[in-house]
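Peer 1: Any chance you could fold what I've pasted below:
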Amino acid sequence: MLVTVARFSFPYEAQIAKARLESEGISAFIADEHTVNMQWLYSNAMGGVRLQVSESDLDKAHEILNQDRSNLVDQELGCDGERKCESCSSRNIEPFTKGKKPAFLVFLLLGMPLFFYQHGIKCRDCGHFQKLNNHK
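Peer 2: Numbering: from 1, shown residues only. Next up is the predicted model:
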């Protein structure tokens, strides 16, 4: 029997997690990937893209997916891993997608999204949004 180990907003995130599990010898399957690819605005309403594993592998899969391996990426890119806000120099930042809500509203009203969204980080202290196009 398959059980859901994680949910993702975007199919590529589920593919990355699936590859991580399969590299550790755990068979994984992705559900709702094609539906979200066709209508990405439905992702939140459907509960996202589901990553599923065998019930017997659930605990090991949780352990693998919860490992923080971000330091390996920072080492590979040669950055110190200490991102901070460009505006106030705070380290209290979070990943943020700018423009997703307006695109959804326009889609509901007109039937097609007219805005592009941008991935970046947002400062929790001052609210400044910063695109992620450099390694700071």
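Peer 1: which neighbours does the host helix or strand of Ile30 have in its sheet, and in what orientation?
Peer 2: Applying DSSP states H and E as the criterion places Ile30 in strand 28-31. Within its sheet, strand 28-31 is paired with strand 49-54 (antiparallel), according to DSSP bridges.
Peer 1: Could you identify the helix or strand that succeeds the partner strand?
Peer 2: Downstream of strand 49-54, the first helix or strand assigned by DSSP H and E is helix 58-65.
Peer 1: and for that following helix, what are the contacting residues?
Peer 2: With Cβ atoms under 8 Å, 6 or more residues apart in numbering as the test, helix 58-65 has contacts from Val3, Val5, Ala6, Ala17, Arg20, Leu21, Glu24, Ile26, Ala28, Val53. C-betas here are computed from N, CA, C, even on glycine.
Peer 1: and what of stretch 102-115?
Peer 2: With contact meaning Cβ under 8 Å, 6+ apart, stretch 102-115 is reached by Leu41, Gly99, Phe116, Tyr117.
Peer 1: Alright, I will stop here.
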